[in-house]
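# turn this into a structure:
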Amino acid sequence: MADKKSSPRPARAPRQRKSSAASRRGFVATSVATATVLGGALARSQVVTPSPLFPVLKHPDSPMPIALGDLTAIVDPLLNEQIPRWVDPIIFPAWLPPMSVGKLPAKYTSAVGNVHHGVAPEWFNHPSDWDRFPVQYYELHQMAGSYPFLPSSMRIPRTNFWGYVGRLANGTYLPGGLPPSFRFRIGQPALVRVVNDLPEEMSLHMHGGHWPAHSDGHPNFLVLPGRARDYYFPNIVPRVQGGNQVGSAFDYTESVSNMWYHDHAIHLTAAHVQRGCGGGYAPTLDDLEIGLIRSGVLPGIRGVSDVGPEYRNPYDLPLVIRDDIFDVRGQLLYDSDGHNGYLGNVARVNGLAYPYMNVEARKYRFRVLAASNARIWRLRLSDNSSFLRLGKDAWLFPKPQETQSFLAGPATRADIVIDFSKYRPGTVIYLENILPQEDPRGPDNKLEDVNGTVVSGTPAYRHRILKFVVGPRNTRFPDASVNLNSSLRPHTPIPASAVTARRTFSFERKNGMWAINGQFYDAGLANAIMRVDAVEEWVLKNGGGGWWHPIHIHLESHVQVANLQTGQPIPYHDSFKSDTTMLGPGSEIVIRLKLRTFPGPFVFHCHNVEHEDMDMMFQVDPRPTVTANRAPHQWFP
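You can find the predicted model right below:
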């Protein structure tokens with residue numbers, strides 16, 4: 001339990017300030033971490049001897065093997081076959097209530113911005129129509145804790161982790177092993193004071209949002225140990241015509257539904273995410289989505305789920321999926337020397353290894369997040385039945401899509417509805433992964449072969465990660481009516497005639513590290529400069545080597561418009577707004593994007609977070625006026 005008084009507090013490591021990625025990796029290796037740091041080498045073919053402390057079990061599905069790519073020097077690992085299945089019920093993140101609304105919390109020790117790292121200047125100077133509702137004030141601490149993530153039947157010690165803990169209005173801390181969930185609303189600003197109680201610098205990124213640069217989780221806008229930063233999340237959408245003129249129409253096609261938060265510290269993101277600083281859930285509603293719940297189109301309870309401040313909806317739930325490696329003491333193992341991508345051999349859903357979930361015979365909305373460092377999943381139901389997909393990443397589709405599976409790479413989200421009413425009470429259904437991956441390079445498939453909606457035949461690889469047990473429906477609450485003809489979020493295409501610039505970015509391996517257009521990340525360099533509100537077209541190109549790269553672009557959504565590798569139309573589920581585009585081997589995807597409202601700098605990068613840490617990241621710097629003389633960045637130390 002991540003309690004401030006009882007949580008283990010790691011000793012602070014000596015602070016080092018060196019510029020190279022290699023020295024930053026050394027900083028990780030020398031720090032006192034809650035995850036065991038590994039070094040050395042292990043061939044993929046090497047056999048790992050199972051620990052005699054736990055029996056090797058026979059499961060009916062395919063295991064996740066331990067000898068994976070870069071994995072090094074494993075000491076007393078748990079094999080996948082030693083993890084019992086379906087022992088514990090799934091858990092869900094606790095809602096973090098605001099400490100106050102409309103006034104400064106009594107427990108704040110200083111005024112907004114009067115902390116070491118300050119607050120975004122937009123907090124003090126912004127259009128009046130950003131504040132449709134009063135400000136919600138929060139406090140979030142980054143600290144160490146422990147929680148029983150492995151099955152309780154193993155009687156294994158609690159797993160130490162680093163994570164996020166919310167502070168309540170009375171000064172106490174919200175207990176639990178998962179990052180707390182926020183409930184945001186478009187038009188209602190949030191001020192989140194983030195306090196770093198860990199021995200390494202951190203940077204909070206609220207992924208999928210439209211934020212000022214100071215609040216976006218830029219990798220160099222850090223929260224140092226023992227310090228705080230006030231993150232101002234205005235929860236607005238850009239204006240249709242750009243700019244910040246009061247009264248100019250907002251572009252509500254950009255309203256987000258599914259945000260999440262994670263660490264984004266320069267050269268430390270991968271280690272921090274693996275230790276637990278990732279997977280935070282932030283459902284966000286606007287008038288349109290509230291109306292869809294209130295009218296019974298989307299799952300929810302009318303009069304409960306459509307009012308705030310808490311989002312109380314037992315039929316709309318997050319599923320955060322990742323993979324990790326544990327030792328026989330229940331502790332996480334991580335390779336700080338490898339930079340190809342961390343792959344685990346134990347699947348976790350909402351923190352727990354192989355949980356089960358009791359569901360009613362009705363429709364459930366699941367907001368599925370792939371929070372892995374490097375693993376790419378293709379998920380389906382074990383009976384191969386179809387379900388509805390409502391959206392991708394942070395945004396809803398115009399209309400639902402019928403599918404039997406979806407591809408989920410690091411940072412991507414799938415908003416789905418599963419109709420359990422077609423099953424009799426007592427039926428057991430599993431959510432399973434059918435895409436094997438034994439190398440951080442990626443699956444041994446073409447992207448287009450695994451990014452479809454139809455699963456033909458019986459997959460050779462099937463790994464069950466979550467068990468659903470169907471029970472009777474509570475008839476007090478009507479079932480949702482959502483179907484293929486339901487109208488969700490309108491979408492306005494970006495026409496080619498609006499494009500003001502075209503650029504190409506090639507993501508490639510160079511000198512054992514990771515580069516874009518042959519260059520490594522440079523905090524002092526703006527790689528793309530444009531006017532705020534510009535419309536651009538980018539070619540995202542996989543530079544080769546068989547590697548997969550999920551490319552995430554901060555500030556605003558983008559839309560795929562062409563596949564130059566295949567010449568085939570973009571699939572429906574990739575045709576609308578997203579914040580992460582998957583590049584498979586040889587991919588060349590054309591996207592269009594608008595960069596509205598806020599001046600930079602912002603970043604875009606590969607979301608295989610080991611690739612990101614080893615410098616596969618560029619900076620994009622929208623500016624009010626672009627001149628021949630390149631002005632320095634707007635820095636927020």
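# surely D579 meets A394?
Yes - with contact defined as CB atoms under 8 Å, D579 and A394 form a contacting pair (6.1 Å). All C-beta atoms are positioned from the backbone trio N, CA, C, and that covers glycine.
# overlap of the contact sets of those two?
When contacts are counted by CB atoms under 8 Å, 6 or more residues apart in numbering, D579 and A394 have G208, S557 as shared neighbours.
# tell me the buried residues in stretch 586-594?
S587, E588, I589, V590, I591, R592, L593, K594 (16 or more other CB atoms under 10 Å).
# tabulate the CA atom coordinates of that stretch in PDB.
Only the C-alpha atoms of stretch 586-594 are listed here, as PDB (Å, rounded to 0.1, in the frame of the first residue of the first chain):
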ATOM      1  CA  GLY A 586       9.200  -0.700 -43.900                       C
ATOM      2  CA  SER A 587       6.200   1.500 -42.900                       C
ATOM      3  CA  GLU A 588       5.800   5.000 -44.500                       C
ATOM      4  CA  ILE A 589       2.700   6.600 -43.100                       C
ATOM      5  CA  VAL A 590       1.500  10.100 -44.100                       C
ATOM      6  CA  ILE A 591      -0.200  12.100 -41.400                       C
ATOM      7  CA  ARG A 592      -1.800  15.600 -41.200                       C
ATOM      8  CA  LEU A 593      -1.900  17.600 -38.000                       C
ATOM      9  CA  LYS A 594      -2.700  21.000 -36.600                       C
END
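# can I get the buried residues of stretch 586-594 in JSON lines with distance to G338 and secondary structure?
Formatted as JSON lines, the buried residues of stretch 586-594 follow (distance: CB to CB, whole Å; DSSP: H, G, I helix; E, B strand; the rest coil):
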{"residue": "S587", "distance to G338": "24", "secondary structure": "coil"}
{"residue": "E588", "distance to G338": "28", "secondary structure": "strand"}
{"residue": "I589", "distance to G338": "27", "secondary structure": "strand"}
{"residue": "V590", "distance to G338": "32", "secondary structure": "strand"}
{"residue": "I591", "distance to G338": "30", "secondary structure": "strand"}
{"residue": "R592", "distance to G338": "35", "secondary structure": "strand"}
{"residue": "L593", "distance to G338": "32", "secondary structure": "strand"}
{"residue": "K594", "distance to G338": "37", "secondary structure": "strand"}
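# nearest to P219, of those?
Proximity of the buried residues of stretch 586-594 to P219 (CB to CB) peaks at L593, which lies at 20.2 Å.
# any idea how far A270 is from E536?
As judged by CB to CB, to the nearest Å, A270 and E536 stand 29 Å apart.
# same thing with R158?
R158 is 48 Å from E536, where distance means CB to CB.
# so where's this protein uncertain?
Filtered on pLDDT under 70, the chain yields the residue ranges 1-49, 66-75, 627-637.
# so for the longest strand along it, what gets flagged as buried?
Scanning the chain for the longest strand, with DSSP state E as the assignment, gives strand 136-147. Of the residues in strand 136-147, those buried under the neighbour-count criterion (16+ other CB under 10 Å) are Q136, Y137, Y138, E139, L140, H141, Q142, M143, A144, G145, S146, Y147.
# how about R227, nearest residue that isn't a chain neighbour?
Distances taken as CB to CB, 6 or more residues apart in numbering place H116 nearest to R227, at 4.0 Å, with adjacent residues excluded.
# ok, now V304?
V304 sits nearest to R312 (CB to CB, 6+ apart), 5.3 Å away.
# which residues touch the one you found?
R312 makes contact with I301, V304, S305 under the criterion CB under 8 Å, 6+ apart.
# which of the residues you listed lies closest to P199?
S305 (40.3 Å).
# so which helix or strand takes in that closest one?
Assigned by DSSP states H and E, S305 falls within no helix or strand.
# what about it, distance to L488?
When CB to CB is the yardstick, S305 and L488 sit 17 Å from each other.
# same question, Q404
Taken as CB to CB, the span from Q404 to L488 is 20 Å.
# those two: who's more crowded?
A count of neighbours by other CB atoms under 10 Å puts L488 above the other of Q404 and L488, at 21 against 15.
# wait, doesn't that one sit right on I293?
No - using CB under 8 Å, L488 makes no contact with I293, being 11.9 Å away.
# strands along the stretch 251-400 of the chain, start to end?
Per DSSP state E, counting those that start in this stretch, the stretch 251-400 of the chain carries strands over the ranges 258-263, 280-285, 316-324, 333-335, 346-349, 352-353, 356-360, 363-370, 377-381, 387-392, 395-403.
# now the second one against strand 316-324, angle please.
Between the axes of strand 280-285 and strand 316-324, defined by axes from the mean of the first three to the mean of the last three CA atoms, to 10 degrees, the angle is 150 degrees.
# what does the last one give?
Angle of strand 395-403 versus strand 316-324, following the same axes, to 10 degrees, is 80 degrees.
# what is the orientation angle of strand 395-403 with strand 387-392?
Here strand 395-403 points in a direction 160 degrees away from that of strand 387-392 (the same axes, to 10 degrees).
# strand 395-403 pairs with which strands?
Strand pairing for strand 395-403, determined by DSSP bridges: strand 387-392 (antiparallel).
# again, but for the fifth one
Strand 346-349 pairs in its sheet with strand 316-324 (antiparallel), strand 352-353 (antiparallel), by DSSP bridges.
# among these, which is nearest Q437?
strand 316-324 (9.3 Å).
# just the CA coordinates for the closest one, please, in CSV.
Output in CSV follows, covering the C-alpha atoms of strand 316-324 (Å, rounded to 0.1, in the frame of the first residue of the first chain):
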residue,chain,number,x,y,z
ASP,A,316,-17.2,1.8,-18.1
LEU,A,317,-13.8,0.6,-16.8
PRO,A,318,-10.1,0.9,-17.5
LEU,A,319,-8.0,-2.1,-18.5
VAL,A,320,-4.3,-1.2,-18.2
ILE,A,321,-2.1,-4.0,-19.7
ARG,A,322,1.6,-4.4,-19.4
ASP,A,323,4.2,-7.2,-19.1
ASP,A,324,7.0,-7.5,-16.5
